[in-house]
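1. quick one, what's the 3D model for this:
(2 chains)
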2 protein chains.
Amino acid sequence: MSDSAPTPTQQASTWLAEFGAALEQGDLEAAQALFDPDSYWRDLVAFTWNITTMEGRDAIRAMLESTLAATKPSGWQIEGQASAADGVTECWFTFETAVARGKGHLRLKGQHCWTLLTTMAELKGFEEQRGPTRERGVAHGIVPNRKNWLERKAQAESELGYSTQPYCVIIGGGQGGIGLGARLKRLGVPTIIIEKNERAGDSWRKRYHSLCLHDPVWYDHLPYLPFPDHWPVFAPKDKIGDWLEMYTKVMELNYWHSSECKSAQYDEATGEWTVTIDRDGETVVLRPKQLVLATGMSAIPNMPTIAGAESFQGIQHHSSRHTSGADFRGKKCIVLGSNNSAHDICADLWEHGADVTMIQRTSTHISRSDTLMELGLGGLYSEAALQAGITTDTADLIFASIPYKILHTFQIPIYQEMARRDAAFYQRLADAGFLLDWGDDGSGLFMKYLRRGSGYYIDVGASELIADGKIKLKSGVTIEQIRAHSVVLSDGSELPADLIVYATGYGSMNGWAARLISQEVADKVGKCWGLGSDTRKDPGPWEGELRNMWKPTQQPALWFHGGNLHQSRHYSQFLALQLKARMEGIPTPVYGMGEVHHLA
Amino acid sequence: MSDSAPTPTQQASTWLAEFGAALEQGDLEAAQALFDPDSYWRDLVAFTWNITTMEGRDAIRAMLESTLAATKPSGWQIEGQASAADGVTECWFTFETAVARGKGHLRLKGQHCWTLLTTMAELKGFEEQRGPTRERGVAHGIVPNRKNWLERKAQAESELGYSTQPYCVIIGGGQGGIGLGARLKRLGVPTIIIEKNERAGDSWRKRYHSLCLHDPVWYDHLPYLPFPDHWPVFAPKDKIGDWLEMYTKVMELNYWHSSECKSAQYDEATGEWTVTIDRDGETVVLRPKQLVLATGMSAIPNMPTIAGAESFQGIQHHSSRHTSGADFRGKKCIVLGSNNSAHDICADLWEHGADVTMIQRTSTHISRSDTLMELGLGGLYSEAALQAGITTDTADLIFASIPYKILHTFQIPIYQEMARRDAAFYQRLADAGFLLDWGDDGSGLFMKYLRRGSGYYIDVGASELIADGKIKLKSGVTIEQIRAHSVVLSDGSELPADLIVYATGYGSMNGWAARLISQEVADKVGKCWGLGSDTRKDPGPWEGELRNMWKPTQQPALWFHGGNLHQSRHYSQFLALQLKARMEGIPTPVYGMGEVHHLA
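-> Here you go, the predicted structure:
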């Protein structure tokens, strides 16, 4: 590098200084000119009180015109050193707004911004009490008749939901509800989590016998309390269940187990929900200001309508009802579907000595777990990443810094390498008749997850059983008719059946709004999840972000929370900050509310 | 610094290189010459398979003569940079022995070693599986009838102690037993922890109502799973209880609650203990190779013999039986003693509206909690320390690096500053008649703790009540006689009494050996704790280390574990390594077994 060429850090610092000055002066022309024509600004709550990506200079300018006066950003400061590779300079930075402190990430191409990420880290005056600001725990000095911690805790628990009302109610106490509950607890937002099972963690415990997490430990941490460093790479379901139960207790969440939400109505006039809970047989009416549906992406089963199903003399159920193959030794089992659940259940049945046939209707993407971990996640979530200084929190932000619009371009090479590396494996599957795909544009598993939440299997062994013929396969067909003891396929063949498992997926989360609130509200809110990529099962128009997730919806005071452990962990931060701001009466003008294009 | 003067790092590296070379060549003359005449080498298991401090060149040489051939130390390598201040250069380093990897700390005065710490970090070939070597958790691939994690765990739990035997049994499932149990679990040493209470953490929960930890959070972490960063500075007893319970489950310890050890005998011929357990009503006989008494320093109460005690018509009990002052509103309460428990109980009774008198027999050291935290612990265990890069693990090693022989010289200035800063406080206490001391040599609280485990109160409010006369005080006297409704003091005065609490401390831990094994074994082992400093309640001769703690005793296969949260955490590492080495058949020749000078 010659003496006159600026270092990456100088280059990034210069950009941030010019950007900060332009914003301070309200000079939108200058601000806009700092962006490349091909540029993206992803904002998580800091400017827009929304989760939204501005694509291109015009969209960026429009957002600034609308938000700059209220946001009052300042203090743009590089954090650490910038780095440069392949013509892109990147750095972390911090900044402030009128009401919050933020953290961001910048990528420059030449002098211009290519991608900008701005995220809200904490609200000024409402910071989490941690480290130096943690509570003392004891007020030294002796006070007569003082209640101790346990008594205060028991009293608060007995009053909340009865003589006092929570500000927020979360329906669903799985990993999503629990992680969000922990963030709200640290922010001092009174919250009750409603969970139908008897114990926290049961939503994992009750799944099929051999289940282990498909994502590795570095991807799976909950907020605040990371797993200890002997935690296995792929945690068994009961172990994760126990951890969630422990976490719920240690974080002192108001967790109503054995409780079910029966209905919820919103009163626009009072800004209050009426939420009716069956708490272990007792009807309790809660009146929170905010309602979060954290009921899971896999909550409302899709059940196909097949002629003759009612005449079937064996057992038939949706994959969500399947617990163990133990009862099906020697039985003829048909599994309709070829995604994760279908594979897992086929393997479970085969392990238990059943005669299993998978009915693959359309093509499926397969990633071998080891390969996916290494190629897909290894750069951000692995021991190697940790040793390179990329903690889970940093990894989350790096991931968030890539706009959805171009995420597939980062993904395609990963899957090209995967196809090359595991070519023999894919050949054996194809030889067995399995219909493979890599997504419409070759971008693989994670894009399928974001676009449609389905269409893949992370192979932890079932693919070998298919390749070996141990799990029988019928592909390119579906079940046309069900008889008393058999299924008839679309190719005319007939298979004897004692069990039919419908591994046919789940509906959109707004189905929960229909069930608990009303069809009207579900339709007003529209479909959850998906990007509008105009690929299979993800119809356009392009949305730029996941629909309705972790951000304001068309129904005031109704929120959707969910996703995998990574998403639950990371986006719970932004959802919690949005809720806290509303509780504290901080203005939260939402920019860029999406139109609803699809009802479900 | 001139060009020719070596940097601290060069200086320290040179010393380590010369030391390593001398040891490699077996040149004890050269090795000895590298130490100052006033020098100390503290070894935690790495050279001596013992916890021992060699004081002076001769002792160091004698140790090397005995251990060098088997230890085969090598690879002395500075870690990070050395620092220099006040004529002392210090650094961290790593090294290896024939069987282990170690970490150490060096202080040089000029060219010569002043203090050397060598600690065993891990046994080669028996490292804990963590980070990159953690378990996978799932063996990908499908195996018929495979047991899952929960089934394997349930099976192992049901077999251990019945059809399979633990290698180690720990009596006592408080913080000490739990932390050691976790280390043994990570090292793969099959262990059962025996705890008389119903739930892990009950030994905290059952203590008096207003109790919070007297030590701050940074001092209190358990191994492997630190408290989250919102954890209060001084955790309430029930919160710590819940944490211990959670920790026991998450670390998957074999924790037998509601279980009591009735007796234990050692068979020298088979090298096996016969330990009889009452497990919730069922008698179970365990046959471990190693027995650890982690029954706590405060386990066997000292009860004074006072004339007429049997005639007392009120309630009288040892401080360990006191739970809450709630039943004593308006009652006349006498507390005999003036250490921590006495103060805490007086304050608890006063809070509940009792009429309380403390009987102070002899002088007491008082440290105000805030001042103690700042002056006594702040350099090592605080947010400031954390921000200076001193994690809890590092702090533990720094603390361990100061030989007990000179520890008081580090402590005295702290208490001189405390006396200066809190002069008005001490004056008010003295004005109220309270007898104050600072330890025989002015070295204050922590030395008293190490020497005698008593003689102080960390003030969290009771001293103000004494200064204000709210807790009444009789000092320089004792109870000479007890009548039906009063106590008679040695000054002839008589006080009405409904309650007498004997806050008269606890016996040595080898009392547990007497109770569970035999008086013969208790006497063979001798007194636990104390340094032999020849100060009050710590008779000589000088031992150099705490007697019998965390290291081999005169009774083969019998170990004592305990101390505060810091000591339990840190020394459990070395006790666990000693046990693991024995399990794996690694030779563990013990150097410097202490003679027994006191029976209790």
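
2. for stretch A:286-298, list every residue counted as buried.
-> The neighbour-count criterion (16 or more other Cβ atoms under 10 Å in any protein chain shown) identifies A:286, A:288-298 as the buried residues of stretch A:286-298. Glycine gets a C-beta too; all of them are placed from N, C-alpha and C.

3. now the residues you listed in TSV, with secondary structure?
-> Output for the buried residues of stretch A:286-298, formatted as TSV (DSSP: H, G, I helix; E, B strand; the rest coil):
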residue	secondary structure
A:L286	strand
A:P288	coil
A:K289	coil
A:Q290	strand
A:L291	strand
A:V292	strand
A:L293	strand
A:A294	coil
A:T295	coil
A:G296	coil
A:M297	coil
A:S298	coil
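
4. please identify which pair of these lies farthest apart.
-> For the buried residues of stretch A:286-298, the maximum inter-member distance is 28.3 Å, found between A:K289 and A:S298 (Cβ to Cβ).

5. may I have the phi/psi pair for the residue nearest to A:P144 when sequence neighbours are not counted?
-> Spatial nearest neighbour of A:P144, chain neighbours left out: B:E351 (4.8 Å); criterion: Cβ to Cβ, 6 or more residues apart in numbering or on different chains. Torsion angles at B:E351 (phi, psi; degrees, to the nearest 10) stand at phi -60, psi -40.

6. now A:Y40
-> According to degrees, to the nearest 10, A:Y40 has phi -140, psi 130.

7. mind listing the residues bridging to it?
-> Note on A:Y40: beta-bridge partners by DSSP bridges are A:E55, A:T115.

8. also the one 4 residues further on?
-> Each beta-bridge partner of A:L44 is listed here: A:I51, A:T119, as defined by DSSP bridges.

9. pretty sure it contacts A:A121?
-> No. Contact criterion Cβ atoms under 8 Å: A:L44 and A:A121 do not qualify, at 9.8 Å.

10. neighbour count for the two, which is higher?
-> The neighbour count for A:L44 versus A:A121, taken as other Cβ atoms under 10 Å in any protein chain shown, is higher for A:L44 (28 against 19).

11. who's in contact with the more buried one?
-> Applying Cβ atoms under 8 Å, 6 or more residues apart in numbering or on different chains to A:L44 gives the contacts A:51, A:117-120, A:400, A:574.

12. ok so A:G176 is a helix residue?
-> Yes. Under three-state DSSP, A:G176 sits within a helix.

13. for the stretch 101-250 of chain A, what spans make up the helices?
-> All helices of the stretch 101-250 of chain A, identified by DSSP state H, counting those that start in this stretch, fall at A:149-159, A:175-186, A:202-205, A:217-220, A:237-250.

14. note down every partner strand of the next helix or strand along the chain from the longest one and its orientation.
-> Stepping forward along the backbone from helix A:237-250, the first helix or strand reached (DSSP states H and E) is strand A:255-256. Partner strands for strand A:255-256, per DSSP bridges, with pairing direction: strand A:191-194 (parallel).

15. give me the contacts around the partner strand.
-> With contacts defined as Cβ under 8 Å, 6+ apart, strand A:191-194 is touched by A:160-161, A:166-173, A:177-178, A:181, A:184-185, A:253-256, A:259-261, A:277, A:286, A:288.

16. buried subset of these, written for ChimeraX?
-> Per 16+ other Cβ under 10 Å, the buried members of the contacts of strand A:191-194 correspond to this ChimeraX selection:
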select /A:160,161,166,167,168,169,170,171,172,173,177,178,181,184,185,253,254,255,256,259,260,261,277,286,288
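
17. let me know how buried the residue in the stretch 151-300 of chain A that chain B sits nearest to is, in neighbour terms.
-> Using Cβ to the nearest Cβ, the single residue of the stretch 151-300 of chain A nearest to chain B is A:P232, 2.6 Å away. A:P232: 19 surrounding residues under other Cβ under 10 Å.

18. ok, the most far-flung residue of chain A relative to its centre - contacts?
-> Largest separation from the mean C-alpha position in chain A: A:P144, at 48.5 Å (Cα atoms, centre = their mean). Residues in contact with A:P144 (Cβ under 8 Å, 6+ apart) are B:350-353.

19. which bits of the stretch 151-300 of chain A sit near chain B?
-> Within the stretch 151-300 of chain A, the positions adjacent to chain B are A:153, A:186, A:209-210, A:212-213, A:217, A:224-225, A:228-239, A:242-243, A:246, A:249-251 by Cβ under 8 Å from any Cβ of the partner chain.

20. closest to chain A out of the contacts of A:P144?
-> Among the contacts of A:P144, B:E351 lies closest to chain A (Cβ to the nearest Cβ), at 4.8 Å.

21. what is the burial count for that closest one?
-> Applying other Cβ under 10 Å, we find 21 residues neighbouring B:E351.

22. still on that earlier bit, which one of the contacts of A:P144 sits closest to A:T89?
-> The closest of the contacts of A:P144, once distances to A:T89 are taken by Cβ to Cβ, is B:E351, at 62.8 Å.

23. my read is that that closest one contacts A:N145, right?
-> Yes. In terms of Cβ under 8 Å, B:E351 counts as a neighbour of A:N145; the distance is 6.6 Å.

24. how about the secondary structure of A:A385?
-> Classification of A:A385 using three-state DSSP returns helix.

25. that one: how many residues sit nearby?
-> For A:A385, the neighbour count with other Cβ under 10 Å is 19.

26. so what's it scoring on pLDDT?
-> On pLDDT, A:A385 comes in at 93.

27. which ones are touching it?
-> A:218, A:378-379, A:395.

28. got these as CSV, with secondary structure, pLDDT and neighbour count columns?
-> Formatted as CSV, the contacts of A:A385 follow (DSSP: H, G, I helix; E, B strand; the rest coil; pLDDT from 0 to 100; neighbours: other Cβ atoms under 10 Å in any protein chain shown):
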residue, secondary structure, pLDDT, neighbour count
A:W218, helix, 94, 25
A:G378, coil, 86, 16
A:G379, coil, 89, 16
A:A395, helix, 96, 21
